[in-house]
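> Dropping the sequence and predicted coords here.
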Amino acid sequence: MQIKNIYLAVAGTLLLAGHALAQEKPLPLDTAVRTGKLPNGFTYYIRHNEEPKNRVVFYLANKVGSILETDEQRGLAHFMEHMSFNGTKHFPKNELVNYLQKSGVRFGADLNAYTSFDETVYQLPLPADKPEILQNGIQIMRDWAQEATLDPAEIDKERGVILEEKRLGKGAQERMRSQYFPTLLNQSRYASRLPIGTEDILKSFKTETIREFYHTWYRPDLQALIVVGDIDVNQMEQTIKAKFGDLKNSAPEKERVKYTIPLTGQNNFQAVTDPEMTAIVAQVIIKHKGNDLSTASDYRAAITIGLFNSMLGARYAELLRQAEPPYIQGGAYIGDLLGGLNNFSASVSVKPQGMEKGLKAVWLEIERVKRFGFTATELARAKQSYLSRMESSLKEKNKTNSDSYVNEYLAYFLKDEAAPGIDAEYEMVKLALPQIDLAELGKVTQAYIRDDNRTILLMAPEKDKAGLPVEATVTAWLKAVEAEVLKPYNDQVSTLALLAKAPTPGKIIKEVKDEHLGITTLILSNGVKVVLKPTDFKNNEILFSSFSTGGTSLYNDADYQSAANSTIIPAFGAGNYNTTELGKFLTGKQLAVQPYIGERSQGINGGAIPQDLEMALQLVYAYLTEPRKDANQFQSIIQRSKAAIANRGSDPGTVFKDSVSAFLGNYNIRRTPPTLAKLDQINLDRAYQIYQERFANAAGTVYTFVGAIDMKIVKPLLEKYIASLPSKSSVQQAKDLFIYPPKGRIAKNIYKGTEQKATVQLYFTGEFTYTAKQKLQLDALKETLQFRLLERLREDEGGVYTPGAYAGVSKVPSPRYNLVITFGCAPQNVDKLIASSLDEVNKLKSQGPPQVNVDKYKAEKQRSHETAVKTNKFWLAYLSGNLQNNDPLTGLDSFDTDLQSVTTDSIKLTAQKYLSGKNYIRFVLLPNL
Ligand SMILES: [Zn+2]
């Protein structure tokens with residue numbers, strides 16, 4: 001269903017470098033995984049794992065992708081992936097999806113697949129506690145491997161769905177990509193094999209053409225089954241041998257060519273523009289042959305690249321904090337490209353007429369690294385971070401999620417990347433880090449930053465086309481940088497304590513245990529309440545958050561911009577440390593602390609490993625009591641924000657989103673999009689004052705902690721850093737703003753964009769009867785509506801790719817709900833598809849959903865609930881959410897009975913109540929041609 005790798009994925013994994021000795025052996029596969037190859041070439045990987053318990057994930061990996069297509073088959077690797085869900089030998093027509101949904105598997109979220117240039121991967125997570133479901137899971141894998149029906153009628157129905165999927169991808173990025181891809185990819189086969197394919201072929205290909213692709217490439221020597229979960233490994237191995245041994249290779253067997261992008265040695269250049277592009281961007285991409293990640297030497301080389309990227313990244317982050325930043329965003333890194341290549345890529349986004357200054361500034365840092373290298377202190381910090389992350393992973397060894405294992409084995413099979421297991425990886429890191437020195441980093445710089453195989457790519461809005469430089473100008477800029485007089489990087493590190501003033505600890509004055517929920521509630525001497533839930537879901541994770549009432553609701557419109565943006569204050573550092581120094585100070589610590597100021601509340605979101613919890617709490621104290629003001633950095637943020645919103649009105653998606661939000665908020669200033677005038681209203685002193693005001697009184701604040709909590713250790717820390725926060729006796733309440741959507745039945749069209757592409761959003765809004773049971777009923781209504789829309793708009797009418805239904809509920813200031821239907825489609829189908837959607841809404845109101853939809857909803861809700869309640873994330877959201885809304889914490893106790901009470905009739909009544917259509921707003925985005 002999804003397509004991977006069609007954009008220039010920038011955040012690639014960091015692989016490197018050809019230092020491997022010729023005779024060096026590949027690292028052995030983790031011995032905890034059972035692997036084997038059947039005589040027909042079919043490979044399997046099986047591992048027992050109980051995270052999560054009673055679950056198993058099956059993956060079918062195929063070394064088959066769009067790169068193998070002939071000219072007449074373009075798009076059919078991906079089409080084939082869709083057809084695997086539309087009829088197989090044992091699951092005709094839509095029975096596969098139907099069966100899995102009844103077993104509690106969610107289509108799209110759980111059951112999914114992707115196609116890229118070189119691979120097609122199917123994923124199926126299943127309950128492992130029912131042998132019948134397990135058996136069928138294996139049968140589905142076997143069917144996917146070679147038994148797709150490819151019924152011509154089903155193919156014709158799916159054409160519409162895929163054309164709609166293609167339509168969703170259209171826009172400025174896609175139009176520019178089609179121009180620069182051949183240049184960037186050296187005119188290779190990759191440039192003409194985008195997985196989505198061509199419209200002509202998708203509309204008209206014959207059944208024989210896709211059959212030929214399927215029979216040629218879906219074959220055991222290119223396939224692997226990966227099974228990780230709460231299963232018996234021996235038994236699973238026997239089953240796989242029995243089930244997959246009869247798969248046949250095609251005859252005559254066609255060679256699976258491993259395509260690569262040739263390196264020509266040549267440099268090239270391209271400037272592309274588009275009327276809907278919002279940014280001016282320059283990219284310098286230096287291409288290299290990709291690196292293997294198979295041996296210990298490869299692994300060490302990858303670590304070195306990781307260190308290089310983290311040090312270079314830190315320098316760019318520091319550069320952005322000056323008052324007049326040379327660019328809006330900029331940076332450089334070494335990462336994967338495509339077709340067996342990786343690249344050193346430097347990119348910069350700039351203001352109009354700012355390209356020379358911006359690109360030179362980015363290139364100057366590269367030149368500085370080339371000339372002087374990194375410093376010993378930078379390298380020491382990068383190593384410390386690297387090691388600390390590895391130690392954390394090692395500590396979670398027995399709590400590793402099945403999906404992480406699957407990803408390792410996928411890379412092992414598809415890309416020959418080593419998967420030796422965390423113990424072996426940790427040992428290699430421990431051995432390699434002390435040996436990697438500045439000279440070795442210097443070799444990376446030399447190897448990657450070169451003058452050949454370089455593509456310079458400029459992208460800009462159409463209106464800025466005339467101002468774009470030509471190739472000779474850009475290369476002259478880069479040359480000029482190389483001639484500049486430069487100073488080495490000066491690594492400024494502070495050795496002060498974080499806090500200017502040490503806190504005066506308070507006391508825990510009351511402790512209440514709730515054995516039933518497994519939580520302890522503490523009342524602190526400053527009026528703060530702390531709710532703690534120790535869990536053993538993870539060995540090495542504590543999550544926390546806090547809230548107190550107030551937020552931006554307390555400030556009038558004139559102060560609103562300063563109030564809403566006062567959350568930039570923590571970006572200036574805390575205590576004795578500015579941001580740059582703070583980042584260095586926290587090296588190797590695994591923690592995150594982020595203060596927020598919302599519309600009705602303010603607080604902290606955070607997390608840490610147990611050993612860094614004290615530092616996290618110290619940071620909380622520092623952010624709340626010793627915030628800093630940094631006029632230079634403030635100017636930088638404002639300047640860059642202004643530049644970033646300058647072309648906001650050119651992007652159809654953003655225009656639509658802004659219009660909907662403003663309209664739903666009755667054009668209240670707090671709901672309209674950012675403007676230059678609004679940015680000018682942000683006053684640093686006022687923002688700082690408001691930030692201090694919001695956190696001046698800790699009384700009434702509630703903190704929630706969930707995870708690997710040792711009460712004996714945590715209690716004194718809470719007394720020291722939380723009970724010490726300043727407080728007053730009175731508690732300020734949030735102000736009720738009552739910003740609600742307009743009432744009645746309203747239709748609003750927004751015209752923007754040049755593609756034949758429409759977006760529809762249908763809003764049902766109104767007052768809500770706020771109870772746990774009603775929330776579940778609304779959820780059931782939303783899910784069954786989603787089933788109906790998927791069956792009607794996608795499967796029957798082939799008019800959309802993914803229709804969605806969303807529901808939201810709020811309790812304060814007065815209980816409200818909204819229920820939204822949304823989809824993208826062809827402009828000429830808008831009215832027809834809205835009519836179909838409303839017809840399904842009416843059927844829900846008059847008859848309720850079909851029983852099978854109710855059963856599917858209950859099964860998936862039950863199954864996802866089972867795993868959710870074993871995560872810290874769920875409990876943090878549940879506890880803090882219910883505490884904030886003053887809802888009882890015992891709501892989960894009645895989950896089973898509440899779920900039982902969902903029936904066709906109850907959903908019918910819920911639909912009558914919330915889909916009455918009394919308040920109905922129809923938003924449609926249409927092209928302005
Ligand atoms: Zn798809």
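Ah, there it is.

> for the protein, what are the low-confidence residue spans?
1-23 (pLDDT under 70).

> got the contact list for Ala592?
Residues near Ala592 by Cβ atoms under 8 Å, 6 or more residues apart in numbering: 605-608, 616. All C-beta atoms are positioned from the backbone trio N, CA, C, and that covers glycine.

> what do you get for Asp514?
Here Asp514 is in contact with 520-521, 889 (Cβ under 8 Å, 6+ apart).

> if you set the cut-off to 6 Å instead, what comes out?
Counting by Cβ atoms under 6 Å, 6 or more residues apart in numbering, Asp514 touches no other residue.

> With Thr890 as the reference, measure out to it.
Shown here: Asp514 relative to Thr890, a distance of 9 Å by Cβ to Cβ, to the nearest Å.

> Please give the element, helix or strand, for whichever residue of the stretch 201-350 of the chain sits closest to the ion.
Nearest residue of the stretch 201-350 of the chain to the ion: Leu202, at 11.1 Å (Cβ to the ion). Assigned by DSSP states H and E, Leu202 falls within helix 199-204.

> ok now that helix, how far from the chain's centre?
32 Å (Cα atoms, centre = their mean, to the nearest Å).

> Can you give me the buried ones in it?
201-202 (16 or more other Cβ atoms under 10 Å).

> list the helices and strands the helix or strand just after it packs on?
Note on helix 199-204: by DSSP H and E, the next helix or strand toward the C-terminus is helix 207-217. Helix 207-217 is packed against helix 76-83, with contacts defined by 3 or more Cβ pairs under 6 Å, 6 or more residues apart in numbering; DSSP states H and E.

> Quick one: name whatever helix or strand follows the helix it packs on.
Trace forward from helix 76-83 with DSSP H and E and the next one is helix 95-102.

> could you say what helices and strands that following helix packs with?
Short answer (3+ Cβ pairs under 6 Å, 6+ apart): helix 95-102 packs on helix 851-868.

> and the first helix or strand past the helix it packs on going along the chain with helix 851-868, angle?
Downstream of helix 851-868, the next assigned helix or strand under DSSP H and E is helix 872-884. Comparing the axes of helix 872-884 and helix 851-868 via axes from the mean of the first three to the mean of the last three Cα atoms, to 10 degrees yields an angle of 100 degrees.

> Please identify the buried residues of helix 872-884?
Residues 872, 874-880, 882-884 are the ones in helix 872-884 that count as buried (16+ other Cβ under 10 Å).

> quick one: it to chain centroid distance?
For helix 872-884, the distance to the chain centre is 21 Å (Cα atoms, centre = their mean).

> and for it, what are the contacting residues?
Here helix 872-884 has contacts from 531, 533, 535, 537, 541, 543, 545, 547, 702, 704, 706-707, 868, 889, using Cβ under 6 Å, 6+ apart.

> got the CA coordinates for the next helix or strand after it in PDB?
Later in the chain than helix 872-884, the nearest helix or strand by DSSP H and E is helix 895-900. Taking Å, rounded to 0.1, in the frame of the first residue of the first chain, the C-alpha atoms of helix 895-900 are listed here in PDB:
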ATOM      1  CA  PHE A 895     -13.600  -1.700  29.700                       C
ATOM      2  CA  ASP A 896     -14.900  -5.300  29.000                       C
ATOM      3  CA  THR A 897     -18.500  -4.500  29.900                       C
ATOM      4  CA  ASP A 898     -18.500  -1.200  28.100                       C
ATOM      5  CA  LEU A 899     -17.200  -2.900  25.000                       C
ATOM      6  CA  GLN A 900     -19.900  -5.600  25.400                       C
END
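
> next one: helix 895-900 to chain centre, how far?
With Cα atoms, centre = their mean, you get 32 Å for helix 895-900.

> Residues contacting it, please?
773, 776, 858.

> For the ion, what is the nearest residue in the stretch 801-929 of the chain?
Residue nearest to the ion within the stretch 801-929 of the chain: Tyr801 (7.4 Å; Cβ to the ion).

> ok, that residue - how many residues close by?
21 (other Cβ atoms under 10 Å).

> so which helix or strand takes in the closest residue to the ion within the stretch 601-750 of the chain?
Nearest residue of the stretch 601-750 of the chain to the ion: Gly653, at 19.8 Å (Cβ to the ion). Per DSSP H and E, Gly653 falls inside helix 652-664.

> Give the buried residues for the helix or strand following that helix.
Using DSSP H and E, the helix or strand that follows helix 652-664 in sequence is helix 676-680. Buried residues in helix 676-680, defined by neighbour count with 16+ other Cβ under 10 Å: 678-679.

> ok now helix 676-680, how far from the chain's centre?
Worked out by Cα atoms, centre = their mean, helix 676-680 lies 30 Å from the chain centre.

> which helices and strands sit right next to it?
Contacts defined by 3+ Cβ pairs under 6 Å, 6+ apart place helix 676-680 against helix 631-645.

> Much appreciated, bye for now.
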